[in-house]
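K.L.:
Sequence and predicted structure, then a few things I'm wondering about:
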Amino acid sequence: MKSTIRKREFQAMYRLLDLVSPINGDCGALCGAACCDCEKLHEAEIIKETEYGMYLLPGEEKIFSRKEDWLTWYVDDVEKYDFPASWRGMVYFVKCNTPPHCVRKMRPIQCRTFPLAPHITADGVFHLVWNNEMLPYRCPLVAARIPLQKGFVQATFTVWKRLMTDPLIYDLVEMDTEYRGQDVDIVI
């Protein structure tokens, strides 16, 4: 798939998000880095899936060499999974080989912007909402609606606003919004 967002733009988004954090401190300390270490949950037989990781956004693979020894790369045909109808070809799935100690400066966008999710209201307005998808772990930030740092919220909003100018990413946000429904907690 061909993204309209260039490598240098993804790099700039990564740099912007490097400057902020959801809370003042390490949010992973609240939960033992559960979102980074689903492998632990699998070993404890809390969840049964075997591959834990994340799909990269269209074009996001450009900032990686695909030779990173801390990542395992998978290439999936979009036709075999639930992706927007506009998506054609292959999509990249990455799995960290060293959780919870992955290369922090190279975390994918969706990892960096969690626990927020981009959302389009019924009248077409873009917002960030609390992520309400079913997770294989309990995120204290989401469960307790811990107030997020304003800088993090604003940087996340800026990044997603730019990402959604890409038609493929917009279609993904639209599909995720439909799946999520309109009963959401808007953050901004």
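P.N.:
Noted; the coordinates are in hand.
K.L.:
most centrally placed residue in this structure?
P.N.:
With distances taken as Cα atoms, centre = their mean, Gln110 lies nearest the centre of the chain, 1.5 Å away.
K.L.:
Figure out the helix or strand that that one lives in.
P.N.:
For Gln110, the element it lies in under DSSP states H and E is helix 109-112.
K.L.:
swap in Val173?
P.N.:
Val173 belongs to helix 167-180 when assigned by DSSP H and E.
K.L.:
ok, and what's touching that helix?
P.N.:
The contact list for helix 167-180 (Cβ atoms under 8 Å, 6 or more residues apart in numbering) reads 1, 3-5, 57-58, 83-87, 117-120, 129, 132-133, 160, 163-164. Every residue, glycine included, has its C-beta placed from N, CA and C.
K.L.:
Filter the residues you listed down to just the ones in strands.
P.N.:
If you go by DSSP state E, the contacts of helix 167-180 have Ala117, Pro118, His119, Ile120, Val129 in strands.
K.L.:
Identify, from those, the entry nearest to Asp185.
P.N.:
Val129 (5.9 Å; Cβ to Cβ).
K.L.:
Residue ranges in this structure under the pLDDT threshold?
P.N.:
Within the chain, the stretches with pLDDT under 70 are 31-51, 135-136.
K.L.:
if you set the cut-off to 50 instead, what comes out?
P.N.:
For the chain, the stretches with pLDDT under 50 are 42, 44, 46-48.
K.L.:
where exactly do the helices run in it?
P.N.:
Secondary structure of the chain (DSSP state H): helices located at 7-18, 28-31, 38-43, 109-112, 140-143, 150-163, 167-180.
K.L.:
So which of these is the most surrounded?
P.N.:
When the helices of the chain are scored by mean count of other Cβ atoms under 10 Å, the highest mean neighbour count falls to helix 109-112 (a mean of 20).
K.L.:
Could you name the helices and strands sitting against it?
P.N.:
The contact analysis (3 or more Cβ pairs under 8 Å, 6 or more residues apart in numbering; DSSP states H and E) places helix 109-112 against helix 7-18, strand 54-55, helix 150-163.
K.L.:
Out of these, which is closest to Pro99?
P.N.:
Comparison of those against Pro99 by Cβ to Cβ identifies strand 54-55 as nearest, at 11.7 Å.
K.L.:
How about residues contacting the closest one?
P.N.:
Residues contacting strand 54-55 (Cβ under 8 Å, 6+ apart): Asp76, Val91, Tyr92, Phe93, Val94, Pro108, Gln110, Cys111.
K.L.:
Please compute how far it lies from its chain's middle.
P.N.:
In terms of Cα atoms, centre = their mean, to the nearest Å, the centre of strand 54-55 is set 7 Å apart from its chain centre.
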